[in-house]
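> predicted structure and sequence below. I'll ask about it afterward.
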Amino acid sequence: MKDIWFGYWFKNWFFPYKLGYLIVISGIRSYFKNHSYKGKNNIPNNAGIIYAVNHQNAFLDPIVIAGRSRHPTYFLTRADIFKKPIVAKLLSKLYMLPIYRQRDGSNSMKKNEKTFNDCYDILAEKGKLIIFPEGNHNYKKSLRPLKKGIARIALGAGEKYNFKIPIYIVPIGLDYENHFNMNGDLFLNAGNPIYVNAYYDRYLNEPAETINELTSTVYESLKKLMININDIENYTNLYYLVHKLPFKKKLLSVEEKFFYKQSRLYELEKLNNDNFDEYQSIIRKTTSLIKFCKKEKIRPYLFQKNYTLTGLIFYSLIMLLLAPFHLIGLITNYIPYILPVIFTENKIEDKHFHGSLKFALGVILFYIYWLLLILAIYMWQGLEISLFSAIFLPLIAVFNFKYWIHLKKLSGALKYTLKKGKSEFISMKKDFDYIYSVIH
């Protein structure tokens, strides 16, 4: 996020939310390689806003949206995490509202009436509310059928306040380049606001039909704002084709990359409809490509490269010269980086929470670890060196991560260059060229 705003510390927000906001805006700038928010300026200011968002990444989804708003943003959260009173109190200070589901028991569903009434009041006061109308999270980039709750809440708020309050539903498509790990792109794609007041007259006479119509409108808007893979049977292959194959030109922005991937998916869907046999051929060859790249531990973009062994040796020497700085970076950054990774991948079974926990725990641990290092340096070398260290630590962290990325690329390039003359590599190169020519 390019704009840095410290005014939230002086806002009348709950302190836990301010602290969480700090973690979020810090984490977004470091966890994601690039990030962009399209359509933010089109969101109305003087009205109640419901953000309708596709749900792919558990807690990470609401916080990346809330972190871009200069207003406290409420969001509905599954009720089972509110069971302990102390936890429920803390969550309320983070502007979370409990929502009960069928699995929580039929009696529990009645408790939603209070949550709905709270939502009505928030919208009447021109507040912001995040709702995930799919009703649950799933890392797959495919829009699932929407629940009717979002339409009921929007129209219910209007009904409670005699249809005199302005309310908009703003569909937002979230797209993560990598759901589970850092250094991917993040794209927030806000569509045209849906003016709920336009549905009020019909709602008075045909409430059920109006709820269905508004839900359908949200669905149609939202599916155009995200990568929406419909062929679930071939999901893995389509995801690979859309995300992993290189682009023909160097794209400069997150937004350009998103629309290029979206157009690539449209072309594949068109191929499925117009030439099913060729589509199936692409799917089969992609399966082989995925297995081959995984076995050889290389990325598919290497099939388009023409490295020379001399050039790679020179590249390796440069990396060797920079290795001491990388060692310093490991000492000052590896522990707070690796601990969240170890914890989430070994202790958290639901992968949807991995990104959220790595994001939050990483930011917190980096702050603590760096503070301890600066205090140790202050006690050892004094104030001036410790102040220099405070500036140096983030810089070496950036260098260290970039170094690691280049090291991985160098490793893949060496493997590919040394083996590209083998028959299996030549055969796979032909399949790659065929796939690449068809999807472009």
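All right, it came through fine.
> when you work out contacts or count neighbours from here on, use the C-alpha atoms and nothing else.
Noted.
> quick one: G173 and G382, what's the gap?
50 Å (Cα to Cα, to the nearest Å).
> which one of these two has more residues nearby?
G173 (25 against 13; other Cα atoms under 10 Å).
> now do the SS call for that one.
Per DSSP: H, G, I helix; E, B strand; the rest coil, the local secondary structure of G173 is strand.
> isn't it right up against N228?
No: in this structure G173 lies outside contact range of N228 using Cα atoms under 8 Å: 9.8 Å.
> just the pLDDT for S389.
Looking at S389, its pLDDT stands at 88.
> quick one: G362 from F392, how far?
Per Cα to Cα, G362 is found 19 Å from F392.
> who has more neighbours out of those two?
Shown here are G362 and F392; by other Cα under 10 Å, G362 has more neighbours (23 against 11).
> and the strand or helix carrying that one, what does it pack against?
Assessed by DSSP states H and E, G362 sits inside helix 354-381. For helix 354-381, the packing partners by 3 or more Cα pairs under 8 Å, 6 or more residues apart in numbering; DSSP states H and E come out as helix 15-31, helix 60-66, helix 309-347, helix 383-419.
> and of these, who's closest to I86?
In terms of Cα to Cα, the element of the helices and strands packed on helix 354-381 nearest to I86 is helix 15-31, at 13.4 Å.
> so which of the helices and strands packed on helix 354-381 gets nearest L123?
The nearest among the helices and strands packed on helix 354-381, by Cα to Cα, is helix 60-66 at 16.0 Å.
> which other helices and strands contact that closest one?
On a contact count with 3+ Cα pairs under 8 Å, 6+ apart, helix 60-66 meets helix 15-31, helix 354-381.
> buried set for the longest one?
So that's helix 354-381. 354-363, 365-366, 370, 373-375, 377-378 (16 or more other Cα atoms under 10 Å).
> from the chain's centroid, how far away is that helix?
Helix 354-381 sits 23 Å away from the centroid of its parent chain (Cα atoms, centre = their mean, to the nearest Å).
> what separation do you get for the closest residue in space to F180 that isn't next to it in sequence and N181?
Spatial nearest neighbour of F180, excluding adjacent residues (Cα to Cα, 6 or more residues apart in numbering): G355 at 4.5 Å. Plainly put, G355 is 6 Å away from N181 if you go by Cα to Cα.
> what sits opposite the residue nearest the centre of the chain in the beta ladder?
For the chain, Y176 is the residue whose C-alpha lies nearest the centre (Cα atoms, centre = their mean; 3.9 Å). When bridges are called by DSSP bridges, Y176 pairs up with L186.
> and the pLDDT at the residue lying closest to H71 once chain neighbours are set aside?
Once flanking residues are discounted, H71 sits nearest to K128: 7.4 Å by Cα to Cα, 6+ apart. K128 is assigned 94 on the pLDDT scale.
> wait, K128 touches L76, no?
No: in this structure K128 lies outside contact range of L76 using Cα under 8 Å: 11.5 Å.
> looking at the two, which is more packed in?
Ranked by neighbour count (other Cα under 10 Å), K128 and L76 place K128 first, with 22 against 19.
> after the lowest-mean-pLDDT helix or strand in the chain comes which helix or strand?
Within the chain, no helix or strand scores below helix 106-109, which has a mean of 66 by mean pLDDT, DSSP states H and E. Counting by DSSP H and E, the next helix or strand C-terminal to helix 106-109 is helix 112-124.
> can you show me the CA trace of that following helix as PDB?
In PDB, the C-alpha atoms belonging to helix 112-124 read as follows (Å, rounded to 0.1, in the frame of the first residue of the first chain):
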ATOM      1  CA  ASN A 112     -28.500 -14.400  14.600                       C
ATOM      2  CA  GLU A 113     -31.400 -11.900  15.100                       C
ATOM      3  CA  LYS A 114     -29.300  -9.900  17.500                       C
ATOM      4  CA  THR A 115     -26.300  -9.900  15.000                       C
ATOM      5  CA  PHE A 116     -28.600  -8.900  12.200                       C
ATOM      6  CA  ASN A 117     -30.000  -6.000  14.200                       C
ATOM      7  CA  ASP A 118     -26.500  -4.900  15.000                       C
ATOM      8  CA  CYS A 119     -25.700  -4.900  11.300                       C
ATOM      9  CA  TYR A 120     -28.800  -2.800  10.600                       C
ATOM     10  CA  ASP A 121     -27.700  -0.200  13.100                       C
ATOM     11  CA  ILE A 122     -24.100  -0.200  11.700                       C
ATOM     12  CA  LEU A 123     -25.500   0.500   8.200                       C
ATOM     13  CA  ALA A 124     -27.900   3.100   9.500                       C
END
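> pLDDT on that helix, on average?
93.
> again with stretch 336-347
Here stretch 336-347 scores 88 as its mean pLDDT.
> list the buried residues of that stretch.
Using 16+ other Cα under 10 Å as the test for burial, stretch 336-347 gives P336, Y337, P340, V341, T344.
> let me see the contact set for the last one.
Under the criterion of Cα atoms under 8 Å, 6 or more residues apart in numbering, the contact list for T344 reads F353, H354, L357, K358.
> right, and the third one touches L339 too?
Going back to what we said before, that points to L357. No: shown here, L357 and L339 do not form a contact pair, counting by Cα under 8 Å, at 10.8 Å.
> measure the closest residue to Y307 other than its chain neighbours to L312 for me?
Of all residues not flanking Y307 in the chain, T417 sits nearest, at 6.6 Å (Cα to Cα, 6+ apart). Counting by Cα to Cα, the gap between T417 and L312 amounts to 9 Å.
> pLDDT at N138, what is it?
87.
> what about it, how many residues close to it?
17.
> can you list the low-confidence ranges for this protein?
By pLDDT under 70, the low-scoring segments of the chain are 1-5, 102-109, 251.
> quick one: contacts for N46?
With Cα under 8 Å, 6+ apart, N46 has these contacts: K126.
> can you give me the neighbour number for Y37?
Number of residues near Y37 (other Cα under 10 Å) recorded here: 18.
> so which elements touch the helix or strand hosting I283?
For I283, the element it lies in under DSSP H and E is helix 276-296. When contacts are defined as 3+ Cα pairs under 8 Å, 6+ apart, helix 276-296 sits against helix 235-243, helix 254-274, helix 423-439.
> contacts for the longest one, please.
Contact with helix 254-274 is made by 34-36, 38, 175, 185-187, 226-227, 229, 238, 242-243, 251, 278-280, 439-440, as judged by Cα under 8 Å, 6+ apart.
> buried among those residues? Make that a ChimeraX selection.
In ChimeraX, a selection of the buried entries from these looks like this (16+ other Cα under 10 Å):
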select :34,35,36,175,185,186,187,226,227,229,238,242,243,279,439
